[in-house]
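Colleague: Sequence and predicted structure, then a few things I'm wondering about:
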Amino acid sequence: MSLTAFLAEQAPQITAIRRDLHAHPELCFEEVRTADVVAAQLTAWGIPVHRGLGTTGVVGILHGKDGGTNGKAIGLRADMDALPMQEFNTFAHASQHAGKMHACGHDGHTAMLLAAAQYLAAHKDSLDGTVYLIFQPAEEGGGGAREMVQDGLFTQFPMQAVFGMHNWPGMPEGTMAVSPGPAMASSNEFKIVVRGKGGHAAMPHMVLDPVPVAAQIITALQTIVSRNVKPIEAGVVSVTMVHAGEATNVVPDSVELQGTVRTFTLEVLDLIERRMEEVVRGTCAAHGVQCEFEFVRNYPPTINTAPEADFARRVMAQVVGEANALPQEPTMGAEDFAFMLLEKPGAYCFI
Ligand code: NI
């Protein structure tokens, strides 16, 4: 039976799994029920499972006709966690847990990889090598991919390449996309505290006002991407939180600024972090106020290797047709699949 015919026949069962997961969303590293559902399905289809990498991770081990002896192996990865937000949908499978929702579609990713597992298990006699089915926890800020790698994902399950996929609302129905190079950006956070000396707002000569200093910093930070980063490179510096003051007639002691930085390369990230610290410390020094500067690197950029991206595109073309296998413009969102791509060749795809 053809791939699409098989999947169409199994669609009601896979849809039911997705809706069950959607109704029972679990947050970072709490995906216990979800992992149980995944492991039970894989087992029911005759696929051995390994559990516990990265706390709640599940790896299905699917050997092809060689029984795992020829050394050829790839990984297919899905993320299982939900987001801490309230669902307002009213359909029957809406979230049963207040404040938790599969709003990023990882219930779909989990169901999609289960569907692939079911198909591959039914056709393993024509499979030349091994497929590791990687169900990871905590993509939403928890770095579940990093945890699985640190727990030995690639040493316990040696593979030549790894592939992941995200749903992408806005793409035309029936299309898939992948490109070589950067798919998603590195994600980083900063916190700046400008410390002056508060006092009565009617007597500015008696205080050390941190507010105009913070205002200058916010503006000056926007010159880093426009004046320091090479124009054909990409970078984002966004100040997203500004906290100071409690009264109209009181100058506050300090102003706290926080925000995010996104880049596709380590070189641009190094440059932005260095320039930010120079701008912050220099501006504070010029005004005689103290400052604190913290910069935290969360997720690295997600970089697709060219041969694997090209391989994925050719596979997509077989499924959806050449005209519907599209190039993917990089986005400044971030994705912890990046940690797997630091270790193995591979590609992150979109559907
Ligand atoms: Ni997501």
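Modeller: Noted; the coordinates are in hand.

Colleague: now stretch 270-284, how far from the centre of its chain.
Modeller: Mean-position distance between stretch 270-284 and its chain equals 27 Å (Cα atoms, centre = their mean, to the nearest Å).

Colleague: average model confidence for it?
Modeller: Within the predicted structure, the mean pLDDT of stretch 270-284 is 98.

Colleague: Output that stretch as CSV - backbone C-alpha positions only.
Modeller: In CSV, the C-alpha atoms belonging to stretch 270-284 read as follows (Å, rounded to 0.1, in the frame of the first residue of the first chain):
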residue,chain,number,x,y,z
ASP,A,270,29.4,37.4,20.2
LEU,A,271,29.4,40.8,18.5
ILE,A,272,26.0,41.8,19.8
GLU,A,273,26.7,40.7,23.4
ARG,A,274,30.1,42.5,23.4
ARG,A,275,28.6,45.8,22.0
MET,A,276,25.6,45.6,24.4
GLU,A,277,27.9,45.5,27.4
GLU,A,278,30.0,48.3,26.1
VAL,A,279,27.0,50.5,25.4
VAL,A,280,25.4,49.7,28.8
ARG,A,281,28.6,50.2,30.9
GLY,A,282,29.7,53.2,28.9
THR,A,283,26.4,55.0,29.1
CYS,A,284,26.1,54.3,32.8
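
Colleague: Which residues does that stretch contact?
Modeller: For stretch 270-284, the external contacting residues (Cβ atoms under 8 Å, 6 or more residues apart in numbering) are 188, 190, 192, 194, 213, 216-217, 220-221, 223-225, 228-229, 235, 237, 261, 263, 290-291, 293, 295. All C-beta spots, glycine's among them, are computed from the backbone N, C-alpha and C.

Colleague: out of these, which are inside helices?
Modeller: With helices taken from DSSP state H, the overlap with the contacts of stretch 270-284 comprises 213, 216-217, 220-221, 223.

Colleague: Including neighbour count and pLDDT, could those go into TSV?
Modeller: As requested, the ones in helices among the contacts of stretch 270-284 are exported to TSV (neighbours: other Cβ atoms under 10 Å; pLDDT from 0 to 100):
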residue	neighbour count	pLDDT
213	22	98
216	16	98
217	23	98
220	17	98
221	23	98
223	12	97
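
Colleague: and the one helix or strand residue 41 maps to, what other elements does it pack with?
Modeller: Assessed by DSSP states H and E, residue 41 sits inside helix 32-44. Contacts of helix 32-44 with other secondary structure elements, assessed using 3 or more Cβ pairs under 8 Å, 6 or more residues apart in numbering; DSSP states H and E, are made with helix 3-23, strand 49-53, strand 57-63, helix 106-122, strand 130-136.

Colleague: what's that helix in contact with?
Modeller: For helix 32-44, using Cβ under 8 Å, 6+ apart, the contacting residues are 17, 20-21, 24, 26, 48-49, 51, 56-58, 60, 80-81, 110, 114, 117-118, 133, 135, 137.

Colleague: Quick one: the strands in the stretch 101-250 of the chain, in order.
Modeller: The residue ranges that make up the strands of the stretch 101-250 of the chain, judged by DSSP state E, counting those that start in this stretch, are 130-136, 161-166, 176-177, 181-184, 186-195, 199-200, 235-243, 250-251.

Colleague: Only the C-alpha atoms, please, for the first one, written as CSV.
Modeller: Extracted C-alpha coordinates of strand 130-136, given in CSV (Å, rounded to 0.1, in the frame of the first residue of the first chain):
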residue,chain,number,x,y,z
THR,A,130,17.3,1.5,11.6
VAL,A,131,15.0,4.4,12.5
TYR,A,132,15.1,5.8,16.0
LEU,A,133,11.8,7.5,16.9
ILE,A,134,12.7,10.2,19.3
PHE,A,135,9.9,11.7,21.5
GLN,A,136,11.5,14.5,23.5
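
Colleague: buried ones in stretch 214-232?
Modeller: Residues 214, 216-218, 220-221, 224-225, 228-229 are the ones in stretch 214-232 that count as buried (16 or more other Cβ atoms under 10 Å).

Colleague: re the thing from before, quick check on the contacts of helix 32-44: which are buried?
Modeller: When neighbours are counted using 16+ other Cβ under 10 Å, the contacts of helix 32-44 contain these buried positions: 17, 21, 24, 26, 49, 56-58, 60, 80-81, 110, 114, 117-118, 133, 135, 137.

Colleague: before we move on, the earlier item: take the helices and strands packed on helix 32-44 and write them to JSON lines, including mean pLDDT and distance to residue 157.
Modeller: Formatted as JSON lines, the entries for the helices and strands packed on helix 32-44 read as follows, by pLDDT from 0 to 100; distance: least, Cβ to Cβ, whole Å:
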{"stretch": "helix 3-23", "mean pLDDT": "96", "distance to residue 157": "24"}
{"stretch": "strand 49-53", "mean pLDDT": "97", "distance to residue 157": "8"}
{"stretch": "strand 57-63", "mean pLDDT": "98", "distance to residue 157": "6"}
{"stretch": "helix 106-122", "mean pLDDT": "97", "distance to residue 157": "15"}
{"stretch": "strand 130-136", "mean pLDDT": "98", "distance to residue 157": "5"}
